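A.B. asks: mind folding the following:
(chains A and B)
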Amino acid sequence: MSTQNRFDLEDWASSYRDTLSENWFAYLLILPVLAFLVLLMWLPFAQGFYMSFNDWPFGGDPTWVGLENYLFLFGWEPFFTSLRATLVFSLTTVLQLGVALVAALAVREIRRGKSFITGVFLISYTVPPLVTGTIWAYLLQPDLGPLFGYLSQWGLLEETIYWGSDGAASLGVILFVTTWTFWPFMFLIISASLESIPEELYESARMYGAGRVQTFLRVTLPQLKSAILVALSIRIIWNMTKISQVLQLTNGGPGYDTSILAVLLYRFAYGQGRMGVAYAVGVILLIMTIGFVFVFIREFERTSEGPQ
Amino acid sequence: MSTDDFDVTAVTLKATTYGVISFLVLFNLVVLAFIFSVSFMPPSEFFGAPHIIPQNPTLEAWTSGFQELRDNLVNSFLIGLGTTIVALAISIPGAYAFARKEFYGKRAGFYAIISAMMFPYILLVIPIMDLWNDLGLYNTIPGMIIAYQVFVTPFAIWILRDFFAKLPTDIEEAAQVYGCTQFTAFLRVILPLATPGIVAVGFLAFLTGWNDFLFANLLTTGTGPVPAVPVLYGTIGGGSGERVYWGKLMAETLIIGTPPTILYLVARNYLENAFTV
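C.D. replies: Numbers count the residues shown, from 1 in each chain, chains lettered A, B, ... in the order given. Coordinates of the predicted model:
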């Protein structure tokens, strides 16, 4: 029995050594990037998660408080304002997809000037988001900005709108600017995948007498499925964590009306130095994003497999 | 064919196509033209009726903008460049191994890296701030270059692996027959063929380093090497309270926005290939 055991162990050890000696070069190649991600992502995340159960002033020593940070948030009125803002704000992903899909389909139809057109489309995405945030902060400035200036000059508006003091209007402005800034990312992915749909598919659809709508639903959309899936999942998460434009345009105000969770995290961390509470907000944000992506992927799989 | 001329749907479709494209193009161009023209207006012209052609054009906004941002632009450039170099140095070997080597744990390792793309990075700022404080990396350029690798490397591995995987399977062995070692085969055959992917990744890395606000703002203080983007925030969002000179601010947005746009125009052909999912 014992010899048998030792035999197994030796066997295991030697196969372990074999794997290592056969593949050492490959392991060496992936080591740097793995090390970076473990050290920069998973360890800090683990530390932060632990800290969300602590009272932790910036630069100071943490004290264990259990669930108190979370309980504080759930008993705090502005937190729910923030949650609602986050839900409304997540609409930007849908808007981005809509604009990107329409633009990609339109660009596919035209023959000339494609490169100029996509070049112009991409400007808002290549420039730093804070820069575009600054540009819109000026264009939409109620007193000196040109948009309201022209609207009242042309008599379309009685007097300027101070959207900064109205929660719903502020949220609208942020939705608009975020959508304008980030739709080209989805456009890039969708149009790259649109170009790679083989022409034969369209020809055979035509041969079978499929109309435009049918061709779109049966050929184009299924072929775009994985591109849309990737683009949407990435953007859902990235949109939720974009804070620069919100901070530049409204600073999360008025009150907490435009403080989406990421901005709330920033306000606790940077404004008040309450790192424990800030990280508790972060954990809630993470759970929400995972939920969003999960539900969305499941729905996507279901609807795209249903009618076929 | 003649029915095509009277096909109502075809005509509407065409009209919609051109309508959508002109709207989106004009929207961006008008915004750009407006910002450009406003950057030549002296402060006094911002009061009163809005107009697009400056009445007393001046270069004041541009010169004072440049002066204010000079050091920050250098910092941004160093951060962007450093981010690119480090990202390429660690993700090229990794992507190569994932694309062209067989080894135990390959799938798990790949997904461990790719899933990082799905992580809300804002969650990392606080622990990294704390860690950087302990390590002496807080408020330094290398500190930011290292921190940006979290954003860049998962994306880089994702794009580069595809490029390496598309190359013919026996190409390294063929090179070795002609006297290359495993390493020189990689250097002289594989790398040149993967140039489009490498350019795309390099561009995205530089863009991250140049464009980012979150880490740039939270990992620096006024006393350290501040990149250009947080300066813009300091002027209005940060609320210094003084009156904003919009002309200068708009000149600054153009100054900060131009380098990434030029780089994009240079790299765009490579980028469109890289994004095929």
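
A.B. asks: where do the helices sit along the stretch 51-200 of chain A?
C.D. replies: For the stretch 51-200 of chain A, applying DSSP state H, counting those that start in this stretch gives helices covering A:68-74, A:77-89, A:91-109, A:114-126, A:129-139, A:146-153, A:167-195, A:199-207.

A.B. asks: buried set for the fourth one?
C.D. replies: Neighbour-count burial for helix A:114-126, counted by 16 or more other C-beta atoms under 10 Å in any protein chain shown, picks out A:I117, A:T118, A:G119, A:V120, A:F121, A:L122, A:I123, A:S124, A:Y125, A:T126. (Glycine included, C-beta is placed from N, CA and C.)

A.B. asks: pretty sure the fourth one contacts B:V30?
C.D. replies: It refers to A:V120. No - counting by C-beta atoms under 8 Å, B:V30 is not a contact partner of A:V120; they are 11.0 Å apart.

A.B. asks: report the central residue of the chain.
C.D. replies: With no chain named, the answer covers chain A. Centroid-nearest residue in chain A: A:W238, 2.2 Å away (criterion: C-alpha atoms, centre = their mean).

A.B. asks: wrong one, chain B
C.D. replies: Centroid-nearest residue in chain B: B:L207, 2.1 Å away (criterion: C-alpha atoms, centre = their mean).

A.B. asks: what sits against it?
C.D. replies: Contact analysis of B:L207 by C-beta atoms under 8 Å, 6 or more residues apart in numbering or on different chains lists A:T126, B:G80, B:P260, B:L263, B:Y264.

A.B. asks: coming back round to it: of all the buried residues of helix A:114-126, which comes closest to B:S37?
C.D. replies: Taking C-beta to C-beta as the measure, B:S37 lies nearest A:I123 of these, at 16.5 Å.

A.B. asks: show me the contacts for that closest one.
C.D. replies: Counted by C-beta under 8 Å, 6+ apart, A:I123 has contacts B:N28, B:L32, B:T261.

A.B. asks: switch the cut-off to 10 Å
C.D. replies: Listed by C-beta atoms under 10 Å, 6 or more residues apart in numbering or on different chains, the contact partners of A:I123 are A:T132, A:P184, B:N28, B:L29, B:V31, B:L32, B:G257, B:P260, B:T261, B:Y264, B:L265.

A.B. asks: list the helices and strands the longest helix anywhere in chain B packs on?
C.D. replies: For chain B, the longest helix by residue count, based on DSSP state H, is helix B:60-100. If you count contacts as 3 or more C-beta pairs under 10 Å, 6 or more residues apart in numbering or on different chains; DSSP states H and E, helix B:60-100 packs onto helix A:2-37, helix B:106-114, helix B:141-166, helix B:195-211, helix B:214-218, helix B:228-235, helix B:246-274.

A.B. asks: so which of those helices is the most surrounded?
C.D. replies: Of all the helices and strands packed on helix B:60-100, helix B:214-218 carries the top mean neighbour count, a mean of 25, counting by mean count of other C-beta atoms under 10 Å in any protein chain shown.

A.B. asks: which elements pack onto it?
C.D. replies: Judged by 3+ C-beta pairs under 10 Å, 6+ apart, the packing partners of helix B:214-218 are helix A:129-139, helix A:244-249, helix A:261-266, helix B:60-100, helix B:122-135, helix B:141-166, helix B:195-211, helix B:228-235.

A.B. asks: swap in 7 Å and give it another go.
C.D. replies: Judged by 3 or more C-beta pairs under 7 Å, 6 or more residues apart in numbering or on different chains; DSSP states H and E, helix B:214-218 is in contact with helix B:122-135, helix B:141-166, helix B:228-235.

A.B. asks: quick one: average pLDDT of that helix?
C.D. replies: Helix B:214-218 carries an average pLDDT of 88.

A.B. asks: now do the contacts for residue 261.
C.D. replies: Let's take chain A. Contacts for A:L261 (C-beta atoms under 7 Å, 6 or more residues apart in numbering or on different chains) come out as A:S82, A:T86, A:V281, A:I284, A:L285.

A.B. asks: actually it's chain B I care about, not the one you picked
C.D. replies: Shown in contact with B:T261 (C-beta under 7 Å, 6+ apart): A:I123, A:T126, A:V127.

A.B. asks: B:Y264 is in contact with the second one, correct?
C.D. replies: Yes - counting by C-beta atoms under 7 Å, A:T126 does reach B:Y264; the two are 4.3 Å apart.

A.B. asks: could you list the low-pLDDT ranges of chain A?
C.D. replies: Applying pLDDT under 70 to chain A flags residues A:1-10, A:12, A:300-308.

A.B. asks: can you rerun that using 50?
C.D. replies: For chain A, the stretches flagged by pLDDT under 50 are A:1-2, A:306-308.

A.B. asks: coming back round to it: can you redo the helices of the stretch 51-200 of chain A as JSON lines with distance to A:S15?
C.D. replies: JSON lines is the format used below for the helices of the stretch 51-200 of chain A (distance: least, C-beta to C-beta, whole Å):
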{"stretch": "helix A:68-74", "distance to A:S15": "46"}
{"stretch": "helix A:77-89", "distance to A:S15": "50"}
{"stretch": "helix A:91-109", "distance to A:S15": "47"}
{"stretch": "helix A:114-126", "distance to A:S15": "50"}
{"stretch": "helix A:129-139", "distance to A:S15": "51"}
{"stretch": "helix A:146-153", "distance to A:S15": "69"}
{"stretch": "helix A:167-195", "distance to A:S15": "42"}
{"stretch": "helix A:199-207", "distance to A:S15": "47"}
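
A.B. asks: give me phi/psi at A:G66?
C.D. replies: Dihedral pair for A:G66: phi 70, psi -130, per degrees, to the nearest 10.

A.B. asks: nearest spatial neighbour of it, chain-adjacent residues omitted?
C.D. replies: Excluding the flanking residues, the one nearest A:G66 by C-beta to C-beta, 6 or more residues apart in numbering or on different chains is A:F53, at 5.9 Å.

A.B. asks: swap in B:K106?
C.D. replies: Using C-beta to C-beta, 6+ apart, the closest residue to B:K106 is B:F98 (6.6 Å).

A.B. asks: circling back: with respect to B:T84, which of the contacts of A:I123 is nearest?
C.D. replies: Ranked by distance to B:T84 (C-beta to C-beta), these are led by B:P260 at 12.5 Å.

A.B. asks: quick one, what contacts that closest one?
C.D. replies: When contacts are counted by C-beta under 7 Å, 6+ apart, B:P260 touches A:T126, A:V127, B:L207, B:W210, B:N211.

A.B. asks: and the last one, how far from A:M41?
C.D. replies: Read that as B:N211. Remark: distance between B:N211 and A:M41 (C-beta to C-beta, to the nearest Å) = 20 Å.

A.B. asks: please apply the same query to the fourth one.
C.D. replies: Here the distance between B:W210 and A:M41 works out to 22 Å (C-beta to C-beta).

A.B. asks: also the third one?
C.D. replies: As for B:L207, its distance to A:M41 is 20 Å (criterion: C-beta to C-beta).

A.B. asks: and the first one, by the same measure?
C.D. replies: In this view, A:T126 and A:M41 are 26 Å apart by C-beta to C-beta.

A.B. asks: nearest residue to residue 197 other than its sequence neighbours?
C.D. replies: Answering for chain A, as no chain was given. Once flanking residues are discounted, A:I197 sits nearest to A:Q223: 4.6 Å by C-beta to C-beta, 6+ apart.

A.B. asks: correction: the question concerned chain B.
C.D. replies: B:F163 (3.3 Å).
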